[in-house]
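[1] No sequence on hand, only this structure:
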Ligand code: HEC
Ligand code: HEC
């Protein structure tokens, strides 16, 4: 009895900590000597600044475009040296809430880690800064706006012009990218019955139906435990059979055969604007994704027999009518926070002027 009571208290504390952690900004943004809002503003400018890359032609925003949920619309992007990357660019909304990052690397758990990779990795380069560290910082120093912004973001630093601080500021900006107000959220969590169309409501029922089981991996956590709106992923690594390239997914990082062709279950917030889909961008539309699941994870291409053999048992195929497929797409479209895609707080801060170094995403 007493034990059960103590256990209850312990569970309550764990639940409380989980909930509270969902609401407060990460501890590092609250550390003394840093100004959270100024860090976000600095990070935003850096995110859109091409001078941050070795060749002065690529910014984070080249591959992460706001109107596309901070993905890029390409099958796979090309980095600073023109070499294509191996995997599709994921969207960035709410990625500060994810405990594992990227398609298939369980060691990357913090935004700062992935941002340092984007800046410095060489196989192949993304921003390509490795070897050009001093040159890139010197370029930023010539901009009077940064002189003010670096000092405001890190008032306790004698010298805030470091890659550590650049990474911290970029991470603060990425953490601020929130998409929380979708028609689905309004319907389920704010009781707005008309927020979803009848078609999307039928799609919602299909999504969670045992026959399709989408909600098994793309979970919506039930309200009591829910500190933040659903991210539509249980963040496990699963083999679905998707992909045409020889990419072996998690196994490439862990070296463990059992991890072959497993990829992180992607969050589905704003998914309607982040096409093309899957780790290699091989499915161009949501319609193609649904047909892929209908076929039980068969897509053709290299290594198909091994990928099929590795599939999760829930990827077994099912039959949809055209109406049902239409309903499911209406549901997936209701996971878009339209306002987040236009929110000026996340937009390019450089004045519209051809001579500025910022990315002109719309003109690309
Ligand atoms: C050349 C294109 C490109 C550039 C430039 C780029 N990224 Fe990315 N980004 C990607 C790709 C591709 C991935 C997925 C990598 C993987 O899964 O291995 C990614 C993943 C991420 C993730 C993890 C998202 C998730 O859901 O796990 C974050 C965060 C991120 N990038 C932030 C940034 C920031 C900040 C910058 C600028 C410093 C940047 N990226 C520059 C292409 C790019
Ligand atoms: C067994 C777990 C599992 C089930 C069940 C599942 N998915 Fe997925 N889903 C994944 C994984 C893993 C990926 C990424 C696969 C890859 O890139 O190789 C994915 C990718 C997707 C994508 C592409 C997202 C992007 O950003 O590229 C969409 C859309 C999607 N699933 C929707 C659905 C729908 C709709 C269903 C039900 C018909 C469903 N999923 C069932 C695990 C699952």
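    Nice, thanks for sending it over. This one's a predicted model, so the numbers in the text were calculated from it and none came from an experiment. Residues are numbered from 1 along each chain as shown. Ligands and ions are numbered 1, 2, ... in the order given.
[2] avg pLDDT for stretch 91-103?
    Confidence over stretch 91-103 (mean pLDDT, whole number) is 95.
[3] at contact distance from ligand 1, anything in that stretch?
    Yes. For stretch 91-103 and ligand 1, the contact criterion (Cβ under 6 Å from any ligand atom) is met by 92, 95, 98, 101, 102, 103. Bear in mind the C-beta positions are built from the backbone N, C-alpha and C, glycine included.
[4] Test my guess that the second one contacts residue 111.
    Yes. Counting by Cβ atoms under 8 Å, residue 95 touches residue 111, with 6.9 Å between them.
[5] Which positions in this structure make contact with ligand 1?
    Looking at ligand 1, the residues of the chain close enough under Cβ under 6 Å from any ligand atom are 47, 58, 60, 62-64, 77, 79, 85, 87, 89-90, 92, 95, 98, 101-103, 111, 114-115, 118-119, 126-127, 170, 174.
[6] Identify the contacts common to residue 95 and residue 111.
    Listed as contacting both residue 95 and residue 111 by Cβ atoms under 8 Å, 6 or more residues apart in numbering are 101, 174.
[7] which regions of the stretch 251-364 of the chain sit below the pLDDT cut-off?
    For the stretch 251-364 of the chain, the stretches with pLDDT under 70 are 352-364.
[8] ranges for the helices of it?
    Secondary structure of the stretch 251-364 of the chain (DSSP state H, counting those that start in this stretch): helices at 286-294, 304-310, 322-333.
[9] quick one: contacts of the shortest one?
    What that stands for is helix 304-310. Outside helix 304-310, the residues that touch it by Cβ under 8 Å, 6+ apart are 239, 241, 242, 243, 260, 261, 262, 297, 298.
[10] looking at those, which has the most residues close by?
    Using other Cβ atoms under 10 Å as the neighbour criterion, residue 261 leads the contacts of helix 304-310 with 27 neighbours.
[11] That one contacts residue 239, doesn't it?
    Yes. The pair residue 261 and residue 239 passes the contact test of Cβ under 8 Å, sitting 4.1 Å apart.
[12] returning to what we had before: the residues of the chain next to ligand 1 in helices, which ones?
    The members of these that map onto helices under DSSP state H are 47, 60, 62, 63, 111, 114, 115, 118, 119, 170, 174.
[13] out of these, what pair is the most spread apart?
    62 and 111 (18.4 Å; Cβ to Cβ).
[14] before we move on, back to that, got a ChimeraX select line for the buried ones in the ones in helices among the residues of the chain next to ligand 1?
    Here is the ChimeraX selection string for the buried members of these, based on 16 or more other Cβ atoms under 10 Å:
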select :47,60,62,63,111,114,115,118,119,170,174
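[15] okay if I get the ones in helices among the residues of the chain next to ligand 1 as CSV plus pLDDT?
    Formatted as CSV, the entries for those read as follows, by pLDDT from 0 to 100:
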residue, pLDDT
47, 98
60, 98
62, 97
63, 97
111, 97
114, 97
115, 98
118, 97
119, 97
170, 98
174, 98
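[16] closest to residue 221 among the ones in helices among the residues of the chain next to ligand 1?
    residue 111 (21.3 Å).
[17] Leaving aside the residues adjacent along the chain, what's closest to the closest one?
    Nearest non-adjacent residue to residue 111, counting by Cβ to Cβ, 6 or more residues apart in numbering: residue 171, 4.2 Å away.
[18] same check, this time on residue 202
    Ranked by Cβ to Cβ, 6+ apart and with sequence neighbours excluded, the top spatial neighbour of residue 202 is residue 327, at 4.2 Å.
[19] That neighbour against residue 199, yeah?
    Yes. Under the contact definition of Cβ under 8 Å, residue 327 touches residue 199, with a separation of 4.9 Å.
[20] Which residues of the stretch 201-350 of the chain lie near ligand 2?
    Of all the residues in the stretch 201-350 of the chain, those in contact range of ligand 2 (Cβ under 6 Å from any ligand atom) are 212-214, 216-218, 238, 240, 242-243, 263, 265-266, 268, 271, 274, 277-279, 286, 289, 293, 312, 314-315, 328.
[21] Mind listing residues that contact stretch 150-160?
    The set of residues that contact stretch 150-160 without belonging to it, under Cβ under 8 Å, 6+ apart, is 32, 33, 34, 35, 38, 39, 41, 42, 161, 165, 168, 169.
[22] measure the residue nearest in space to the middle of the chain to residue 115 for me?
    Using Cα atoms, centre = their mean, the residue of the chain that lies closest to the mean C-alpha position is residue 92, 3.5 Å off. Using Cβ to Cβ, to the nearest Å, one gets 11 Å for the distance from residue 92 to residue 115.
[23] Identify the contacts common to the two.
    Residues touching both residue 92 and residue 115 by Cβ under 8 Å, 6+ apart: residue 174.
[24] Around residue 180, how many other residues sit close by?
    Using other Cβ under 10 Å, residue 180 has 14 other residues around it.
[25] what stretches of the stretch 101-250 of the chain score poorly on pLDDT?
    Across the stretch 101-250 of the chain, the ranges flagged by pLDDT under 70 are 222-228.
[26] At which residues are the strands of it located?
    Under the criterion DSSP state E, counting those that start in this stretch, the stretch 101-250 of the chain carries strands at the ranges 237-238.
[27] Show the residue spans covered by the helices in it.
    Using DSSP H, counting those that start in this stretch, the helices of the stretch 101-250 of the chain run over 111-120, 133-141, 144-153, 163-175, 183-189, 198-207, 214-217, 250-254.
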